[in-house]
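Show me the folded form of this:
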Amino acid sequence: MSWRPAATTTTPASSSRGRALTRRIADYFGLSYPHEFTSAASLFIALIFLRVITVTHYKFAIDESQHLHVVWGWARGFVQYRDLADNHMPLFQILCAPIYKLIGDRGTILYWMRVILQPLYIVAFWCTYRIGSLLFSRRVGVWAAILVGLSFDYAFCSVEFRTDNLWAPLWLLCLSILLGGTLTMRRALIAGFLMGLCFGVSMKTVLLVMSTVVGGSMTLIFVGREPLGIGWGRILGALAAFFASALIVPATIMATFALYGIWPQFRYWVFDHNVVPGLTNHPAWWVIIFAVGFPLIALGARRVVAATPETIVAARRSFVFVTAGFFFTALLSFWPFLSRQDYLPFYPLAFVICTGAALTISDRWARNRNIAKIWRVMPVPALFGVCELLVALLVHPFWEDKAKLESGLLRDALKLTEPGDFVFDRRGETVFRQRCFYPIIETFTEERIRRGWMADNVIQRCIDTHTCVAVLPGAMPSATLRFLEQNYLPIGDRLRVAGVLLHSPTDGKRFAFETVIPASYKIIARDVGTVMGVLDGERYEGKERFLSPGTHTFVQTSTGHDLVVFWAQAVDRHFRPTEW
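Numbering: from 1, shown residues only. Now for the predicted structure:
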């Protein structure tokens with residue numbers, strides 16, 4: 001009977017230890033206890049929940065399939081640029097190839113590859129916290145990391161399997177290293193190597209380097225070398241070490257491709273292809289954004305330095321403020337083709353700056369007792385976080401699974417085709433098979449085809465490679481689109497298979513039809529399946545028959561309606577045209 005008193009004395013003790021632990025955690029991060037700590041913890045849990053739902057339910061972007069197709073190629077012994085067209089630097093795909101080999105070909109591969117990128121999200125989360133702590137306080141770091149994670153654009157874009165989700169964390173690590181202490185040769189070497197890894201992932205790093213150099217230069221002007229205790233010798237030595245280290249990775253990649261005779265393809269797809277004069281998706285007058293915005297940013301950075309008594313803190317704030325501001329304004333004004341993933345490195349820095357400013361202002365206003373009572377229960381960052389969470393759920397309701405369509409396409413592609421089969425798609429949506437048309441079909445390719453700089457030989461390539469599977473693209477030259485619609489029958493959402501519907505017979509049960517793709521076909525009926533008759537003068541009993549391009553005749557001798565000539569491999573694997 002002694003167990004009852006023991007239980008009543010143990011529970012309060014454990015509860016007291018739990019409160020003491022949470023209070024210590026709150027004190028460590030500078031969060032008021034219990035309301036602010038509880039708000040931050042609750043939003044952090046909501047962030048994890050949002051992350052899990054986004055990984056499994058958010059629709060797959062076509063870029064994810066493109067990157068994964070190149071990863072598949074490396075895992076199968078193909079070489080990027082030579083065997084598979086791609087307009088990105090290769091480091092991301094090369095690093096992912098061994099992981100892909102462990103997972104193997106499966107319809108859920110896109111989910112798996114999203115999951116393996118989540119450690120990089122943790123790196124970005126930690127870097128945001130770290131930069132916020134160095135510029136302001138641990139409290140600002142915590143709230144900045146949570147708020148940027150709940151921002152719907154960052155939350156959805158950062159979950160995708162794309163090169164930018166390695167590129168952005170690497171740059172944030174580089175900034176964290178630069179901000180973490182005095183400027184030494186070792187620190188410059190490490191930061192430069194991280195910048196070089198960024199170059200290995202994306203050539204957009206050119207803008208990151210420019211932003212970093214401008215941020216550091218203007219900080220030296222605003223703060224001065226003497227207060228920072230830095231001489232010209234150390235500055236020039238650190239710069240030399242930074243750029244020498246930054247060249248290691250891109251120089252190694254370029255030298256390797258050149259050594260194996262792939263330099264012309266590498267140069268074209270990484271440099272030449274991505275530059276089309278006059279092609280842009282924003283108006284030319286946006287140059288005003290930089291002309292007006294950056295001087296205001298420089299003025300703001302100077303005022304921040306003047307208002308910050310600690311020299312090191314002032315230098316850190318100026319550096320991040322100018323670097324982020326230059327990147328953002330230059331991106332909007334001068335980058336020829338903007339995409340939402342281009343902003344991934346900017347969001348964490350912007351949220352650090354905005355969170356630091358918001359908490360500074362709210363703390364001053366909190367001297368008013370009435371305001372302090374309200375913000376004690378619902379802190380300002382928590383209010384923003386709740387609003388962000390609601391917006392994210394409205395933009396992408398968690399109960400809608402928009403990722404299953406793409407995984408269904410991959411499952412069908414695996415079931416329908418063999419490793420040696422060719423497919424036609426825009427940028428590798430079917431992932432696991434070689435594409436019959438070498439160039440990726442995206443904005444720059446379409447513009448080059450329109451200007452006559454690149455040959456549009458899709459139709460001939462489909463015929464030459466006996467391509468019997470196609471993914472109907474969203475936008476293509478009209479001739480190619482007509483060809484796909486006329487010679488491939490839909491079997492699902494976007495997947496099509498080589499085949500021809502047999503319409504009204506020309507004479508009794510005599511059908512005339514034309515095939516363009518040379519392949520083995522079967523003739524089937526909607527109601528009875530296999531049909532029999534005479535195909536091109538030879539008896540047909542439902543077995544597959546190779547048909548060359550041209551006009552063919554079929555005389556039906558069995559029952560059955562709604563006949564279709566369909567790729568034999570698709571029939572054998574129980575696929576049927578949905579047009580029935």
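
Check the secondary structure at residue 569 for me.
Secondary structure, DSSP: H, G, I helix; E, B strand; the rest coil: residue 569 is helix.

Next secondary structure after the lowest-mean-pLDDT helix or strand in the chain?
Ranked by mean pLDDT, DSSP states H and E, the weakest helix or strand in the chain is helix 369-377, scoring a mean of 61. Next helix or strand after helix 369-377 toward the C-terminus (DSSP states H and E): helix 380-395.

Specify the next element, helix or strand, located C-terminal of that next one.
Sequence order places helix 404-416 as the next helix or strand after helix 380-395, per DSSP H and E.

What residues sit buried inside that following helix?
Neighbour-count burial for helix 404-416, counted by 16 or more other CB atoms under 10 Å, picks out 406, 407, 409, 410, 412, 413, 414, 416. For every residue, glycine as well, the C-beta is placed using N, CA and C.

Repeat that for stretch 171-187.
Using 16+ other CB under 10 Å as the burial criterion, the residues of stretch 171-187 that qualify are 171, 172, 173, 174, 175, 176, 177, 178, 179, 183, 187.

among those, which one has the lowest pLDDT?
In terms of pLDDT, the lowest of those is residue 183, showing 88.

Now render the buried residues of helix 404-416 as JSON lines, adding distance to residue 277 and pLDDT.
Shown next, in JSON lines, are these (distance: CB to CB, whole Å; pLDDT from 0 to 100):
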{"residue": "406", "distance to residue 277": "34", "pLDDT": "87"}
{"residue": "407", "distance to residue 277": "39", "pLDDT": "87"}
{"residue": "409", "distance to residue 277": "36", "pLDDT": "91"}
{"residue": "410", "distance to residue 277": "37", "pLDDT": "92"}
{"residue": "412", "distance to residue 277": "40", "pLDDT": "92"}
{"residue": "413", "distance to residue 277": "37", "pLDDT": "92"}
{"residue": "414", "distance to residue 277": "41", "pLDDT": "93"}
{"residue": "416", "distance to residue 277": "41", "pLDDT": "94"}
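
neighbours of the residue lying closest to residue 526 once chain neighbours are set aside, just the number please.
The spatially closest residue to residue 526, leaving aside those adjacent along the chain, is residue 562, at 3.8 Å (CB to CB, 6 or more residues apart in numbering). Residue 562 has 14 neighbouring residues, counting by other CB atoms under 10 Å.

how close does residue 562 get to residue 577?
Going from residue 562 to residue 577 by CB to CB, to the nearest Å gives 10 Å.

Mutual contacts of those two, please.
In the contact map built from CB atoms under 8 Å, 6 or more residues apart in numbering, the residues linked to both residue 562 and residue 577 are residue 501.

Turn the buried residues of stretch 171-187 into CSV, columns for secondary structure and distance to residue 216.
Putting the buried residues of stretch 171-187 into CSV (DSSP: H, G, I helix; E, B strand; the rest coil; distance: CB to CB, whole Å) gives the following:
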residue, secondary structure, distance to residue 216
171, helix, 14
172, helix, 16
173, helix, 17
174, helix, 12
175, helix, 11
176, helix, 15
177, helix, 13
178, helix, 8
179, helix, 11
183, coil, 9
187, helix, 13
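
Give me the below-cutoff pLDDT ranges for the stretch 51-200 of the chain.
Scanning the stretch 51-200 of the chain for pLDDT under 70 picks out nothing.

Let me know the secondary structure of residue 539.
strand.

and residue 545, backbone torsions?
Backbone torsions of residue 545, given as degrees, to the nearest 10, read phi -140, psi 130.

Let me know the closest of the buried residues of stretch 171-187 to residue 313.
Of all the buried residues of stretch 171-187, residue 179 has the smallest distance to residue 313: 10.3 Å, by CB to CB.

residues contacting that closest one?
Counted by CB under 8 Å, 6+ apart, residue 179 has contacts 131, 134, 135, 316, 319, 320.

contacting residues around the nearest residue to residue 492 once chain neighbours are set aside?
Among residues not flanking residue 492 along the chain, residue 412 sits closest, at 5.7 Å (CB to CB, 6+ apart). With contacts defined as CB under 8 Å, 6+ apart, the neighbours of residue 412 are 491, 492, 495, 575.

sec struct for residue 560, please.
With three-state DSSP as the criterion, residue 560 reads coil.

quick one, what contacts it?
Residues counted as contacts of residue 560 (CB under 8 Å, 6+ apart) are 525, 526, 527, 528, 529, 531.

now with 7 Å?
Counting by CB atoms under 7 Å, 6 or more residues apart in numbering, residue 560 touches 525, 527, 528, 531.

can you put those residues in TSV and add secondary structure and pLDDT?
TSV is the format used below for those (DSSP: H, G, I helix; E, B strand; the rest coil; pLDDT from 0 to 100):
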residue	secondary structure	pLDDT
525	strand	89
527	coil	77
528	coil	73
531	coil	88
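
If any of these are buried, give me the ChimeraX selection for them.
Buried subset of the contacts of residue 560, written as a ChimeraX selection, criterion 16+ other CB under 10 Å:
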select :525,531
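
For the contacts of residue 560, give me TSV that also has distance to residue 517.
Output for those, formatted as TSV (distance: CB to CB, whole Å):
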residue	distance to residue 517
525	21
527	26
528	26
531	21
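
Could you work out the most separated pair of the contacts of residue 560?
Pairwise over the contacts of residue 560, using CB to CB, the maximum falls at 527 and 531, 9.9 Å.

Can you list the low-confidence ranges for the stretch 251-400 of the chain?
Along the stretch 251-400 of the chain, the model assigns pLDDT under 70 to residues 366-377.

just to revisit the earlier point, between the buried residues of stretch 171-187, which sits nearest residue 432?
Minimum distance to residue 432 across these is 32.1 Å, recorded for residue 171 (CB to CB).

surely that closest one meets residue 198?
Yes - counting by CB atoms under 7 Å, residue 171 does reach residue 198; the two are 5.4 Å apart.
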